[in-house]
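In: sequence first, predicted model second:
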Amino acid sequence: MADTATCDLCGADLLGAPVRYRAEVRIWAAYDVMELSPADLRRDLAGEIADCLKRLRSADPAESTAAIAEIRRFDLCDACRRKWRAELPEGEKEDLTKPCAG
């Protein structure tokens, strides 16, 4: 868990700072809509499920969970926020100037 009193990147004291920032990164497995083909219907699905369960029994629970979804939060000073933001890929952005739908 992030320590809200210091910047998670540079360690600067945030308690006396005029502003501090909280960044949140959400990562999750994205799946496309499944389309079944005749070949899919001929697969040994019970065997595939059994193999998957066998792998999961010996897998590290934390790693298995992180492979599906992960959320990380960071407390940042203004300088590190600017640096971190500049290094982010463009990606999709939400328009924060529009009112929330309600």
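Out: Yep, it's here. The structure presented is a predicted model; accordingly, all values stated were derived computationally and were not measured.

In: show residues contacting the one helix or strand in the chain whose mean pLDDT sits lowest.
Out: In the chain, no helix or strand scores lower on mean pLDDT, DSSP states H and E than helix 61-68, which sits at a mean of 82. Applying Cβ atoms under 8 Å, 6 or more residues apart in numbering, the external contacts of helix 61-68 come out as 28-29, 56. Where you see a C-beta, it was placed from the backbone N, CA and C, and this is true even at glycine.

In: again, 10 Å this time
Out: Applying Cβ atoms under 10 Å, 6 or more residues apart in numbering, the contact partners of helix 61-68 are 27-29, 55-56, 59-60, 70.

In: which members of those are the farthest-apart pair?
Out: With Cβ to Cβ as the measure, no two of the contacts of helix 61-68 lie farther apart than 27 and 55, at 21.1 Å.

In: next one: the longest helix anywhere in the chain to chain centre, how far?
Out: In the chain, ranked by residue count with DSSP state H as the criterion, the top helix is helix 45-58. Distance of helix 45-58 from its chain centroid, counting by Cα atoms, centre = their mean, to the nearest Å, is 26 Å.

In: so that it lines up with my notes, have the first residue be 49 from now on.
Out: From this message on, residue numbering opens at 49, which makes the last subject helix 93-106.

In: average pLDDT across it?
Out: Averaged over helix 93-106, pLDDT sits at 91.
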